[in-house]
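*Asks:* what follows is a predicted protein model with its sequence.
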Amino acid sequence: MIYIHKDLIYETIGGSWYYTIAHYLRKKRVPHKVVNGHGVDEVMSLNPTKDDIFIGRFAHDELDKKLSKQTLPIIWNKFDKVFPSKKSYHFYDNKKRQYKFMLENNIPCLETHPIKNKKDLSNLKIEYPIVLKKSWGAGTEQVNYFNSFEDVIDNKKNRGWTLKSIYPTLAQEYQDVEYDYKILLFDSKFVIYKRWMNWKNGNKDNFPYGTEPNTREDILKLRKPPFKDIKLYDAFDDVDEDLMKLIKKLLKIQKKKLDTYFMGWDLLKTKDGYKVLEFSVVNEIMIPNLKFFDLSKKEIIKYPSRKHFGNREKRIVGIKNLINEYIK
């Protein structure tokens, strides 16, 4: 039996997963049940067998995180197999924890410094320009570029839509690159694409992607991301020997150390090689070009595209592949 969390919080932006998962399992004739994974009484009443699986999107929304803190520990205690797993969710939306984990597991990453306030920053030996980012946040929330120490001002502009202080923060030396990589790493395959960093030519207030902002009202009421969609580009041709070696290393780590069949990894290619920026078990699982690299066949698999195959359909393909990893 597959238990599916009814993630109603994200219905306003078409981001709920439960309907897609239930429809897919119904077609495959896999027994399943939709439940409210945020209802303490409902979760407490579940009596799963050792083979049952619980899958749900427990994501970034403030209310979602608040409710998930109450129910996910119960779910992890009742089920042997859960997406997201306890070990992987421990690092969700916490870049400070992620950095410590990457150091402990020899994952190449950027040197990162926790900063409490501007006085703390003034004592830091770091080469400018720098990037300051919150330990929490998605969609470039409070990620800021500063050319000099004097430019670091805790004002409304730099606080972004959250209107919260830029401190405490994490500091990294700026890497002058044109794009970053997103790797969606499943247990048997991966997707890779690059995101263009257009902040120099586009919206300079949105570092690094340069897209225009969504209104604060849409962010709060409709749960839209802080900024509009980023341009995505196929990056399978960029996978060289070093990157493939890193991908296989990350796969072993996410299986053995994070107990998950899926993880999203953000990377940069710097002058010192590939560096992981952050990782997250909860992702926008969209497959932009409908292509995967099959790790067992060692080849790219292309999904047939329909005439009107938009982002919604590409998300459905990603969710189906996530489910396949758990029911195979």
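*Replies:* Nice, I can see it.
*Asks:* so where's the stretch 201-328 of the chain shaky on pLDDT?
*Replies:* For the stretch 201-328 of the chain, the stretches with pLDDT under 70 are 220-223, 306-309.
*Asks:* any idea where the helices of it begin and end?
*Replies:* Using DSSP state H, counting those that start in this stretch, the helices of the stretch 201-328 of the chain run over 216-221, 241-256, 311-327.
*Asks:* what comes up buried for the last one?
*Replies:* Under the neighbour-count criterion of 16 or more other Cβ atoms under 10 Å, helix 311-327 has 313-324, 326 buried. Quick note: C-beta positions are derived from backbone N, CA and C, even for glycine.
*Asks:* burial measure for the closest residue to Val143 other than its chain neighbours, as a count.
*Replies:* What sits nearest to Val143 in space, not counting adjacent residues and going by Cβ to Cβ, 6 or more residues apart in numbering, is Lys133, at 4.4 Å. As a burial measure, Lys133 scores 21 neighbours (other Cβ atoms under 10 Å).
*Asks:* now do the same for Lys133: its pLDDT.
*Replies:* Here, the pLDDT recorded for Lys133 equals 93.
*Asks:* can I assume it is in contact with Lys96?
*Replies:* No. The criterion here is Cβ atoms under 8 Å, and Lys133 misses it with Lys96 at 10.4 Å.
*Asks:* what touches both of those two?
*Replies:* Shared contacts of Lys133 and Lys96 (Cβ atoms under 8 Å, 6 or more residues apart in numbering): Leu170.
*Asks:* so how far is Asn289 from Trp76?
*Replies:* Distance, Trp76 to Asn289, by Cβ to Cβ, to the nearest Å: 35 Å.
*Asks:* and for Tyr193?
*Replies:* Distance of Tyr193 to Asn289, computed by Cβ to Cβ: 7 Å.
*Asks:* please say which of the two ends up with more neighbours.
*Replies:* Remark: of Tyr193 and Asn289, Tyr193 carries more neighbours, 22 against 18, as counted by other Cβ under 10 Å.
*Asks:* picking up where we left off before, next, the contact list for the residue nearest to Val143, please.
*Replies:* Lys133 sits next to Lys95, Gln142, Val143, Asn144, Thr169, Leu170, Gln172 when contact means Cβ under 8 Å, 6+ apart.
*Asks:* just among these, which is most surrounded?
*Replies:* Across the contacts of Lys133, the neighbour count under other Cβ under 10 Å reaches its highest value at Thr169, namely 24 neighbours.
*Asks:* just list whatever residues bridge to that one.
*Replies:* Ile115 (DSSP bridges).
*Asks:* not counting its neighbours along the chain, what's nearest Phe279?
*Replies:* Using Cβ to Cβ, 6+ apart, the nearest residue to Phe279 is Trp265, at 4.9 Å.
*Asks:* isn't that neighbour right next to Ile183, touching?
*Replies:* Yes. Counting by Cβ under 8 Å, Ile183 is a contact partner of Trp265 at 4.5 Å.
*Asks:* common neighbours of these two, please.
*Replies:* Common neighbours of Trp265 and Ile183, using Cβ under 8 Å, 6+ apart, are Leu250.
*Asks:* what residues are shared contacts of Tyr193 and Asn289?
*Replies:* Jointly contacting Tyr193 and Asn289 under the rule Cβ under 8 Å, 6+ apart are Asp234.
*Asks:* how about a markdown table for the helices of the stretch 201-328 of the chain, with distance to Val177 added?
*Replies:* Formatted as a markdown table, those follow (distance: least, Cβ to Cβ, whole Å):
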| stretch | distance to Val177 |
| --- | --- |
| helix 216-221 | 28 |
| helix 241-256 | 14 |
| helix 311-327 | 26 |
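*Asks:* right, and the ones you listed - which one's nearest Asn198?
*Replies:* For the helices of the stretch 201-328 of the chain, proximity to Asn198 was assessed by Cβ to Cβ; helix 311-327 is nearest, at 19.3 Å.
*Asks:* all helices for the stretch 51-200 of the chain, in order.
*Replies:* Counting by DSSP H, counting those that start in this stretch, the segments of the stretch 51-200 of the chain that form helices are 62-78, 86-89, 95-104, 118-122, 156-159.
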